[in-house]
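K.L.:
Curious how this folds, go ahead:
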Amino acid sequence: MDKITDFINNHYKALQVSDAVADASDLFLDVAYSHFPILDQDVFLGSISKEDTALFTGTDAISDHKYNLTRFFVRNDMNWFDVLEEFSKNHTNLLPVLDDKNNYLGFYELDDVLHFFNETTFVKEDGGTIVIEKETADFTFSQICQIVESNDAKLLGVFISNKSATKTEITLKISRSNFNEIIQTFRRYNYTILSEHQEDAYLADLKERSDYLNKYLNI
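P.N.:
Sure thing, here's the model as predicted:
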């Protein structure tokens, strides 16, 4: 599958708001979803959570609890990374998918999106990962690319993995495994290297041995 929209799932039909809570409870017994979409005819209202169905009376209609439905969803034109972020933000393993006219199209399962992620160049291409950090106001992606490419490497993927008001953490996938020159260049541009690398450990060991030798010679 080439596009994330290939993973839109309609194996299970969305529940209707007129259905009983027991119908949702039965569905959650069959599938390991944390949430499931609820429609009013063809209009998406939100998703009912597995936790809530355990608290509601089974004979109630879902409509009796429609204000407890969660309203998260994704659009069908969102890229895979934004979709993955929505899974994380909403603590769910199912995301309803709507088009730009709010028509319900189906849902994404977290396992499917993770499978799609595993097929991306960021994961599949040979290379290694560096995690760097710099003042939020001082870094640019163009500078990061320039540092990588000036050391005869290619940047296969990059994303912001953490951010605060003052610092930004960036994760890079790079097309080579010998990172020493790249690491040292980032340091010269005042980036902090957060990931551990064999080259760094080797250089640290050499420095430690050198310091010890100098101390011995100065006795």
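K.L.:
and residue 119, how many neighbours?
P.N.:
Using other Cβ atoms under 10 Å, residue 119 has 13 neighbouring residues. The way it works is simple: take the backbone N, C-alpha and C, and place the C-beta from them, glycine included.
K.L.:
now do residue 102
P.N.:
Neighbours of residue 102 using other Cβ under 10 Å come to 11.
K.L.:
do the same with residue 26
P.N.:
Neighbour tally, residue 26, other Cβ under 10 Å: 12.
K.L.:
before we move on, what about residue 31?
P.N.:
If we define neighbours as other Cβ under 10 Å, then residue 31 has 13 of them.
K.L.:
Hmm, it is touching residue 11, no?
P.N.:
No: taking Cβ atoms under 8 Å as the definition, residue 31 is not a contact partner of residue 11, at 9.1 Å.
K.L.:
Isn't residue 186 up against residue 147?
P.N.:
Yes: shown here, residue 186 and residue 147 form a contact pair, counting by Cβ under 8 Å, at 5.9 Å.
K.L.:
Show me which of these two is the more surrounded one.
P.N.:
Using other Cβ under 10 Å, the more surrounded residue of residue 186 and residue 147 is residue 186, with 23 against 20.
K.L.:
Span of stretch 35-47 from start to end?
P.N.:
Distance across stretch 35-47, first residue to last, is 6 Å (Cα to Cα, to the nearest Å).
K.L.:
tally of neighbours for the nearest residue to residue 75 once chain neighbours are set aside?
P.N.:
Leaving out its chain neighbours, the residue that sits closest to residue 75 by Cβ to Cβ, 6 or more residues apart in numbering is residue 98, at 6.1 Å. For residue 98, the count of nearby residues is 16 (other Cβ under 10 Å).
K.L.:
contacting residues around residue 98?
P.N.:
The neighbours of residue 98, taking Cβ atoms under 8 Å, 6 or more residues apart in numbering as the test, are 44, 73-76, 104-105.
K.L.:
Any stretches of the chain with poor pLDDT?
P.N.:
Within the chain, the ranges that satisfy pLDDT under 70 run 1-2, 120-124, 177-178, 197-219.
K.L.:
And the helices in it?
P.N.:
With DSSP state H, the ranges of helices along the chain come out as 21-30, 50-55, 80-90, 110-118, 121-124, 141-150, 180-188, 198-217.
K.L.:
Pretty sure residue 193 sits against residue 134.
P.N.:
No: between residue 193 and residue 134 there is no contact under Cβ under 8 Å: 10.6 Å.
K.L.:
Now do stretch 57-68: everything it contacts.
P.N.:
15-25, 38, 45-46, 48, 52, 56.
K.L.:
What of stretch 128-138?
P.N.:
144, 161, 163-174, 176-177, 179, 182-183, 186, 190-195, 197.
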